[in-house]
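Enquirer: Okay, predicted coordinates and the sequence, questions at the end:
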There are 4 protein chains.
Amino acid sequence: MSWKEPLKARQQIAAEKRGAIIREAARAFNRRGYHGTNLDEVAERLGITKPALYYYIKDKEALLLACHEAAIELAMDAVARADHQGGGADERLGNVLRHYVRGLTDDLRGSVVLMEEGALGPANLRRLKRQRDTYESTLRGIVRDGMAEGVFVPCDEKIAVFVILGAVNWISKWYAAEGPRGSEELAEMISAQLIRGLSAGPTGRALLPEFALTSEAV
Amino acid sequence: MSWKEPLKARQQIAAEKRGAIIREAARAFNRRGYHGTNLDEVAERLGITKPALYYYIKDKEALLLACHEAAIELAMDAVARADHQGGGADERLGNVLRHYVRGLTDDLRGSVVLMEEGALGPANLRRLKRQRDTYESTLRGIVRDGMAEGVFVPCDEKIAVFVILGAVNWISKWYAAEGPRGSEELAEMISAQLIRGLSAGPTGRALLPEFALTSEAV
Amino acid sequence: MSWKEPLKARQQIAAEKRGAIIREAARAFNRRGYHGTNLDEVAERLGITKPALYYYIKDKEALLLACHEAAIELAMDAVARADHQGGGADERLGNVLRHYVRGLTDDLRGSVVLMEEGALGPANLRRLKRQRDTYESTLRGIVRDGMAEGVFVPCDEKIAVFVILGAVNWISKWYAAEGPRGSEELAEMISAQLIRGLSAGPTGRALLPEFALTSEAV
Amino acid sequence: MSWKEPLKARQQIAAEKRGAIIREAARAFNRRGYHGTNLDEVAERLGITKPALYYYIKDKEALLLACHEAAIELAMDAVARADHQGGGADERLGNVLRHYVRGLTDDLRGSVVLMEEGALGPANLRRLKRQRDTYESTLRGIVRDGMAEGVFVPCDEKIAVFVILGAVNWISKWYAAEGPRGSEELAEMISAQLIRGLSAGPTGRALLPEFALTSEAV
DNA sequence: AATGAATGAGGGTTCATTCAT
DNA sequence: TATGAATGAACCCTCATTCAT
């Protein structure tokens, strides 16, 4: 088309490679921990050599940061989508979780939320904690909304959210893409269970009538 | 009293020291990850030097193994106690979780739940996985029982248990002994939320009438 | 003698080892430059392994800093001794140089004055530059004194001192302990030549009558 | 004019670029040492990329060699010019130094004078040492001549020359083109001081009457 | 004539582990 | 029972160098 085509293509290729590196690193960090991961293995799985990584990233720490940022982005994105869909607090929280779990299992994006102390430098850590706190506050807000609306059982929203996040963050420990459950189905089941854990009225079946059927058919 | 008294005392002291080392190591592994933890810090926090550790433990890996074993033991113990208490599947599962969470937050034992791959050698890993699978099977059995009894909503018990374990294993990431909630209270709240996530009937309040009050009073 | 003897002995041994490391490193830095020196070689020449160095020093940079500090100390010490000896500016400067050169060639202490940019971190660099500037100012003061006394030819004392320091700092590039000249003799010859370069009156022979003879006898 | 003009021009441009690279490299080697200099910075300061350097030079080592050769060439050239000017040994040596210092400060050529061992390969090193020895021998010859003529004080010519070379080689460590002294003036002052350091008779003022004035006027 | 991308070699540093005392 | 000292292995990271384009 134009003279700039190849340039753009090159930049895009580079961006994709960077993305692949981050994804692979996230996988490794998740499995073996930050300090237990060595960049040689990450590189090898990508079919390149370790120094080649340094063409795309500054640091091992920068890599971790990128993973965390992808995770936060995914989480925030899930919230934004759910906000857009609207509905009661229970529906909104359910949508958040569905989006999040689907994103987690689909792209394996942002699977790293396990924070090893001492892995990030103080500056990055502060920034990340701020973002994470924002996210958690949002979730707590939804839980509070639900209690106000009477759809959620009275509870300590802080702890309730921790329970939910634990369940969700743990997914990357046991999820296998080759498993029998599709990511869609998984997201439904997990969010249903977690919403039901907070729901005041009769169980969540009313909320997800179409899914209750498949759930019973498991 | 007898010549063997001092010997026994010495052995007991040694055992206590060993226990202290394992607890401290668990704390560190939990915070910084296995590979992110260095024995110098562990030793320093105990007021001894690194080589002194080797008088009580064979290996860094043995230390990790001991942590894991304590965790499994705690988990199994929770199951045994709940079995002893009896009741319906929902009550039994609730008791398991209550015991487990209380143990977790009381001693901070067993907080490290096989988070990093590649930390344990293959032999230890196999043994540990077998124990863990036994434990998970037990939980799944209870969930199946609950479905059969009609107290639990129909679900995939494998995923349901993963969700519960995730929520519970995550506790060590956010629990602070200095926090406002006592370990007893915390155990109640968490297990209530998780049981409710599976319960078929009206919400779990009926199961824990006395606690529902305090919960509303938060 | 007392129970603390062995402890003291150990500490002294450690201090000596540290000193030996610094001396050896100074030698290497001087020859091959800071970045051209690798710690493996330094360790090997000392008959130890590289990690053993880290028992005595924090860093390669700390090692360089220690070398620089030894050099500054030697230089300052030379000034202090010369001050104590008194005399005219020419005699004082001569004594400074004699002491300095002798120290340089005797212990090979503090031979590193060649500052590669980018070797020291900013904080250390600042501190060192301040010390070095103090030293140079002192020398310039002596040169100014000499001009005021009329024993030194009028000149730009800044440049005059640079010339002297260049000549002296260069010694480590060509000095070989096995060479024909003793360190005493060398110190005399070099300082005589440098003092003569500034002297106003008839050549320095008058100042160093006893040495003029040996000089002619070379 | 002819078809070959552009070719010539191109070759000349290439030669100039090569020269610029060598000058920039000399500057860097001088400041940061050979091993402390990385070609990325050199390239960046020239506004090109690192691989582009390899179009003009074979090697990092070749770059260093070129710097050294420029230095030797400058030194030899200074000797040749002084020989051509004639005069007594003191005048000749003074002229050598003046030419050399002026060249050094004017182009900043040849400031790197074999400071780091282990930077050049054995073959290049041998060749360079031979040239350097020739040069030093020449200077020693002049010093011996001066002693024979009675214009220089009796001394060890080897050491005397080392002192002079040290003072001169050190210049690049402190010379700043933006400083208050012009290169001409500097050359006069330095060579005067160094010649005076060897002179037998009354101080060198007689040799440089016109400069003595400016010197006093500093 | 020049560049983006990649690599191999090498060096600094950490750390689990051992051993003499 | 505990420590100072030392080591080997491993890992992160840099950089000179190359090559396809």
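Expert: In hand now; what should we look at?
Enquirer: when you scan the one helix or strand residue A:11 maps to, is anything in it near chain B?
Expert: Applying DSSP states H and E as the criterion places residue A:11 in helix A:5-32. Yes - against chain B, helix A:5-32 shows contacts by CB under 8 Å from any CB of the partner chain at A:31, A:32. Every residue, glycine included, has its C-beta placed from N, CA and C.
Enquirer: Tell me how far the closest residue to chain C within chain A lies from DNA strand F.
Expert: Here chain A gets closest to chain C at one residue, residue A:121, 16.9 Å apart by CB to the nearest CB. From residue A:121 across to DNA strand F, the span is 10 Å (CB to the nearest atom of the strand, to the nearest Å).
Enquirer: Pop out the phi and psi values for that residue.
Expert: Main-chain dihedrals, residue A:121, degrees, to the nearest 10: phi -70, psi 160.
Enquirer: residues contacting it?
Expert: By CB atoms under 8 Å, 6 or more residues apart in numbering or on different chains, the contact set of residue A:121 is residue A:61.
Enquirer: tell me which element residue A:79 falls in.
Expert: Going by DSSP H and E, residue A:79 is in helix A:60-85.
Enquirer: which strands and helices sit next to that helix?
Expert: When contacts are defined as 3 or more CB pairs under 8 Å, 6 or more residues apart in numbering or on different chains; DSSP states H and E, helix A:60-85 sits against helix A:5-32, helix A:89-107, helix A:122-149.
Enquirer: now the closest residue to residue A:193 other than its chain neighbours: how far from residue D:82?
Expert: Distances taken as CB to CB, 6 or more residues apart in numbering or on different chains place residue B:197 nearest to residue A:193, at 4.5 Å, with adjacent residues excluded. To residue D:82, residue B:197 is 96 Å away according to CB to CB, to the nearest Å.
Enquirer: Could you do residue A:57 as well?
Expert: Distance check for residue A:57 against residue D:82: by CB to CB, it reads 57 Å.
Enquirer: Between the two, which is the more surrounded one?
Expert: A count of neighbours by other CB atoms under 10 Å in any protein chain shown puts residue D:82 above the other of residue A:57 and residue D:82, at 22 against 18.
Enquirer: Excluding chain neighbours, what is closest to that one?
Expert: residue D:95 (3.7 Å).
Enquirer: for that neighbour, what are its contacts?
Expert: Per CB under 8 Å, 6+ apart, neighbours of residue D:95: D:78, D:81, D:82, D:85, D:87.
Enquirer: From residue D:79, how far off is it?
Expert: Using CB to CB, residue D:95 is found at 9 Å from residue D:79.
Enquirer: Quick check on the contacts of residue D:95: which are buried?
Expert: Buried residues within these, counting neighbours by 16 or more other CB atoms under 10 Å in any protein chain shown: D:78, D:82.
Enquirer: quick one: the residue nearest to residue A:193 and residue A:191 touch, right?
Expert: No - the pair residue B:197 / residue A:191 is not scored as a contact, 10.5 Å apart, by CB atoms under 8 Å.
Enquirer: Now do the contacts for the residue found closest to residue A:131 once you drop the neighbours it is linked to in the chain.
Expert: Leaving aside its chain neighbours, residue A:131 sits nearest to residue A:72 (5.0 Å; criterion: CB to CB, 6+ apart). Counting by CB under 8 Å, 6+ apart, residue A:72 touches A:110, A:128, A:131, A:132, A:135.
Enquirer: can you list the residues of chain A near DNA strand F?
Expert: A:37, A:38, A:39, A:40, A:50, A:51, A:54, A:58, A:59, A:60, A:61 (CB under 7 Å from any atom of the strand).
Enquirer: Can you give me the pLDDT of the residue nearest to the fifth one when sequence neighbours are not counted?
Expert: The spatially closest residue to residue A:50, leaving aside those adjacent along the chain, is residue A:43, at 4.5 Å (CB to CB, 6+ apart). At residue A:43 the predicted local distance difference test score is 96.
Enquirer: distance of residue A:43 from residue B:43?
Expert: Residue A:43 sits 34 Å away from residue B:43, going by CB to CB.
Enquirer: and if you look at residue A:13?
Expert: In terms of CB to CB, residue A:13 sits 49 Å off from residue B:43.
Enquirer: Could you check which of those two has the larger neighbour count?
Expert: Applying other CB under 10 Å to residue A:13 and residue B:43 shows that residue B:43 carries more neighbours, namely 19 against 10.
Enquirer: which stretch of helix or strand covers that one?
Expert: Going by DSSP H and E, residue B:43 is part of helix B:39-46.
Enquirer: Which elements pack onto that helix?
Expert: The contact analysis (3+ CB pairs under 8 Å, 6+ apart) places helix B:39-46 against helix B:4-32, helix B:50-56.
Enquirer: Redo those helices as a markdown table? Include mean pLDDT.
Expert: Converted to a markdown table, these look like this (pLDDT from 0 to 100):
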| stretch | mean pLDDT |
| --- | --- |
| helix B:4-32 | 84 |
| helix B:50-56 | 94 |
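Enquirer: which one of the ones you listed is the most hemmed in?
Expert: helix B:4-32 (a mean of 15; mean count of other CB atoms under 10 Å in any protein chain shown).
Enquirer: where does chain A dip in pLDDT?
Expert: With pLDDT under 70 as the threshold, chain A has low-confidence stretches at A:1-7, A:108-110, A:112-113, A:202-218.
Enquirer: again, only using 50
Expert: The model of chain A has pLDDT under 50 over residues A:1, A:203-218.
Enquirer: near DNA strand E, which residues of it?
Expert: So chain A meets DNA strand E at A:10, A:13, A:14, A:17, A:48, A:49, A:50, A:51, A:52, A:54, A:55, A:56 (CB under 7 Å from any atom of the strand).
Enquirer: what two of the residues you listed are the furthest from one another?
Expert: A:10 and A:50 (22.6 Å; CB to CB).
Enquirer: before we move on, the earlier item: what are the phi and psi angles of the residue nearest to residue A:193?
Expert: According to degrees, to the nearest 10, residue B:197 has phi -60, psi -20.
Enquirer: can you check residue A:35 too?
Expert: Residue A:35 adopts backbone torsions of phi -80, psi -20, taken as degrees, to the nearest 10.
Enquirer: Residue A:152 now?
Expert: phi -110, psi 140.
Enquirer: Just confirm residue A:194 contacts residue B:162, I think it does.
Expert: No - applying CB under 8 Å as the test, residue A:194 and residue B:162 come out as separate, 12.0 Å apart.
Enquirer: Out of the two, name the residue with the larger neighbour count.
Expert: residue A:194 (26 against 22).
Enquirer: Which helix or which strand is home to that one?
Expert: For residue A:194, the host element (DSSP H and E) is helix A:183-196.
Enquirer: now that helix, how far from the chain's geometric center?
Expert: In terms of CA atoms, centre = their mean, to the nearest Å, the centre of helix A:183-196 is found 14 Å from the chain centre.
Enquirer: burial measure for residue A:152, as a count.
Expert: Look at residue A:152: counted by other CB under 10 Å, it has 25 neighbours.
Enquirer: In contact with the nearest residue to residue A:39 once chain neighbours are set aside, which residues?
Expert: The shortest distance from residue A:39 to any non-neighbouring residue, by CB to CB, 6+ apart, is to residue A:50 (5.1 Å). By CB under 8 Å, 6+ apart, residue A:50 lies in contact with A:39, A:40, A:43.
Enquirer: go on, residue A:45?
Expert: Residue A:45 sits next to A:24, A:28 when contact means CB under 8 Å, 6+ apart.
Enquirer: so who does residue A:56 touch?
Expert: Counting by CB under 8 Å, 6+ apart, residue A:56 touches A:14, A:17, A:18, A:21.
Enquirer: Mind putting those residues into TSV with distance to chain C?
Expert: Formatted as TSV, the contacts of residue A:56 follow (distance: CB to the nearest CB, whole Å):
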residue	distance to chain C
A:14	30
A:17	31
A:18	29
A:21	30
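Enquirer: now, among those residues, which is nearest to DNA strand E?
Expert: Distance to DNA strand E across the contacts of residue A:56 (CB to the nearest atom of the strand) is lowest for residue A:14, with 4.0 Å.
Enquirer: Distance-wise, check the closest one relative to chain D.
Expert: 16 Å (CB to the nearest CB, to the nearest Å).
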